[in-house]
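[1] fold the following for me, if possible:
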Amino acid sequence: MPYSEQTLAELGKLEQAALGSDYPYRQVAHLANNIGPRLSGSPQAQKAVEYVAGELKAQGFEVTLEPVMVPHWVRGEETAALTAFPEQAEGTTQKVVLTALGLSVATPPEGVTAEVVVVRDFKELAALGKEKVEGRIVLFNHPFDQQMAAVGQGLDAYGLAVLYRGNGPSAAARLGAVAALVRSVGGAAYRLPHAGLTRNAADVKPIPAAAVAVEDADLIASLAAQGAVRMHLVLTPQTLPDVPSFNVIGDLKGSEHPEQIVIVSGHLDSWDLGTGAIDDGAGVAVAMAAAQLVKSAGLHPKRTIRVVAWMSEENGSAGARQYAKDHAAEAGNHFAALESDLGADHPLGLNIAGKHEARALLGPVSEVLQTSGAGLLQFVDLAGADVGRLAELGVPTFAPIPDSRTYFNYHHTAADTLDKVDPKGLRENAAVMAVTAYGLANLEVPLPR
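    Numbers count the residues shown, from 1 in each chain. The predicted structure follows:
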């Protein structure tokens with residue numbers, strides 16, 4: 001038997017405690033409302049470190065702040081207007097709603113004015129060639145697949161579209177573009193631009209880059225099909241020197257194998273347009289709740305349950321990379337790692353990034369969680385951006401599977417605020433995290449690696 005009868009009984013009690021707890025909601029409310037947006041290097045990010053560390057200490061956990069140097073990118077002015085386009089009324093412009101992409105460089109203070117060329121994908125960009133791209137602004141008008149998201153495959157839809165946000169600006173720069181725009185990677189319109197990281201390739205000088213609201217991407221594409229379109233673009237972000245920050249660690253020590261660790265985690269930083277409620281205040285709250293629920297129930301896990309609030313996931317996962325480097329020699333004692341980073345709508349079950357033999361060992365956990373409709377076990381290549389660094393060291397990794405149909409409507413936007421967090425769904429995610437973590441901490445046999 002992978003679990004003792006006592007553990008199985010405790011898993012059921014733990015799930016019921018989670019479904020009745022307001023602890024995770026109080027945590028995400030504080031992070032989102034009292035602290036607010038937590039971009040790495042910001043005063044709010046540091047305040048969040050202090051808050052989570054203090055809260056974990058108050059719960060009686062052994063708390064450590066592990067140092068990490070993080071990017072310090074600051075958003076500035078961001079405006080754009082179409083200054084020339086077919087059938088334009090004399091003396092008018094068309095406002096464009098956009099937001100600078102993370103780690104974008106700035107335009108000159110006075111901005112740039114250039115013709116806009118529109119492409120759907122990298123193939124169309126290549127077909128234009130340098131002659132038709134050089135000196136121009138490139139718009140990647142690649143849509144987020146809302147039908148895919150509507151059937152619960154929101155993360156897959158995101159993965160297909162986000163390539164253009166990550167790699168599009170550098171691809172445009174290689175052909176001589178003076179700036180790059182990307183259709184917002186998300187499901188809702190409402191003229192909300194979706195922020196996010198772009199990756200400035202080492203082989204080309206970076207150019208200013210921004211995400212454009214869906215409606216404005218469609219507007220530009222429609223006008224460009226009729227004739228030449230010119231835009232005036234001003235972006236004034238700054239990339240300042242890296243600054244020191246911390247991953248927040250809180251340990252509930254194991255009673256029999258304290259050296260063996262089961263991680264529960266979320267990332268503490270967020271983008272700066274909203275207040276980081278669903279991405280990823282909810283994930284941090286769920287991780288904190290998983291350990292708090294075990295302790296408050298008077299349970300004693302055999303292995304250590306470790307809460308980790310990762311820093312700087314949004315700007316390149318510096319915290320996760322530093323943790324993996326610092327703890328590489330202990331990777332064999334990291335029994336498992338869980339991460340919550342897909343919001344907190346109703347969870348369907350558990351994602352598993354590991355050997356297929358793990359399914360049978362997670363079966364009893366699945367049976368407990370099925371009472372709240374979260375019994376699905378699903379294998380994936382990556383359970384989360386942060387725990388993915390531990391997966392590279394051979395650690396089995398897991399994540400709740402929240403309903404993703406609407407998550408990307410708000411992800412990385414000004415609408416990522418506390419009202420988007422469903423308290424019931426949040427409690428259900430805490431149940432998945434707590435039950436899975438406690439089950440793994442008490443598993444009678446090793447997980448396959």
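[2] quick one, strands of the stretch 151-300 of the chain?
    Under the criterion DSSP state E, counting those that start in this stretch, strands of the stretch 151-300 of the chain are mapped to 179-183, 209-212, 230-235, 238-252, 257-267.
[3] what are the structural domain limits within this structure?
    When the chain is parsed with automatic domain parsing, its domains come out as 5-73+241-441, 76-236.
[4] now do the phi/psi pair for the nearest residue to A210 once chain neighbours are set aside.
    The shortest distance from A210 to any residue other than its chain neighbours is 4.3 Å, reached at L98 (Cβ to Cβ, 6 or more residues apart in numbering). Backbone N, C-alpha and C define where each C-beta goes, glycine included. The phi/psi pair for L98 (degrees, to the nearest 10) reads phi -150, psi 170.
[5] list the contacts of L98.
    The contact partners of L98, taken as Cβ atoms under 8 Å, 6 or more residues apart in numbering, are E78, A80, L181, P193, A210, A211, V212, A213, D216.
[6] please tell me how far stretch 71-88 is from the chain's geometric centre.
    Distance of stretch 71-88 from the chain centroid (Cα atoms, centre = their mean, to the nearest Å) equals 25 Å.
[7] point out where this protein drops to low pLDDT.
    Judged by pLDDT under 70, the chain has no weakly predicted residues.
[8] which residue of it lies farthest from its centroid?
    If you look at how far each residue of the chain sits from its centre, by Cα atoms, centre = their mean, the farthest one is E90, at 44.2 Å.
[9] and that residue, that one's in a strand?
    No - assignment of E90 by DSSP: H, G, I helix; E, B strand; the rest coil gives coil, placing it outside any strand.
[10] measure it to A84 for me?
    E90 sits 11 Å away from A84, going by Cβ to Cβ, to the nearest Å.
[11] cool, and G343?
    Counting by Cβ to Cβ, the gap from G343 to A84 is 41 Å.
[12] these two: which is more packed in?
    Each of G343 and A84 had its neighbours counted (other Cβ atoms under 10 Å), and the higher figure belongs to G343 (29 against 16).
[13] where does the more buried one fall, phi/psi-wise?
    G343 adopts backbone torsions of phi 80, psi -170, taken as degrees, to the nearest 10.
[14] so what's it up against?
    Applying Cβ under 8 Å, 6+ apart, one finds that G343 lies in contact with I278, D279, A282, P402, S404, Y407, H411, K420.
[15] could I get the CA-only coordinates of the lengthiest helix in the chain as PDB?
    Within the chain, and with DSSP state H defining each element, the longest helix by residue count is helix 154-174. What follows is helix 154-174, C-alpha atoms only, in PDB (Å, rounded to 0.1, in the frame of the first residue of the first chain):
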ATOM      1  CA  GLY A 154      -6.500  27.800 -22.500                       C
ATOM      2  CA  LEU A 155      -2.800  27.100 -21.700                       C
ATOM      3  CA  ASP A 156      -2.300  25.400 -25.100                       C
ATOM      4  CA  ALA A 157      -3.900  28.400 -26.900                       C
ATOM      5  CA  TYR A 158      -1.600  30.700 -24.900                       C
ATOM      6  CA  GLY A 159       1.400  28.600 -25.800                       C
ATOM      7  CA  LEU A 160       0.700  28.900 -29.500                       C
ATOM      8  CA  ALA A 161       0.300  32.700 -29.500                       C
ATOM      9  CA  VAL A 162       2.900  33.700 -27.000                       C
ATOM     10  CA  LEU A 163       5.700  32.700 -29.300                       C
ATOM     11  CA  TYR A 164       5.200  36.000 -31.100                       C
ATOM     12  CA  ARG A 165       5.400  38.100 -27.900                       C
ATOM     13  CA  GLY A 166       8.600  36.300 -26.900                       C
ATOM     14  CA  ASN A 167      10.400  36.000 -30.200                       C
ATOM     15  CA  GLY A 168       8.700  38.400 -32.500                       C
ATOM     16  CA  PRO A 169      10.500  41.600 -31.700                       C
ATOM     17  CA  SER A 170      13.900  40.100 -32.200                       C
ATOM     18  CA  ALA A 171      12.800  38.500 -35.500                       C
ATOM     19  CA  ALA A 172      11.600  41.900 -36.700                       C
ATOM     20  CA  ALA A 173      14.800  43.600 -35.600                       C
ATOM     21  CA  ARG A 174      16.900  41.100 -37.600                       C
END
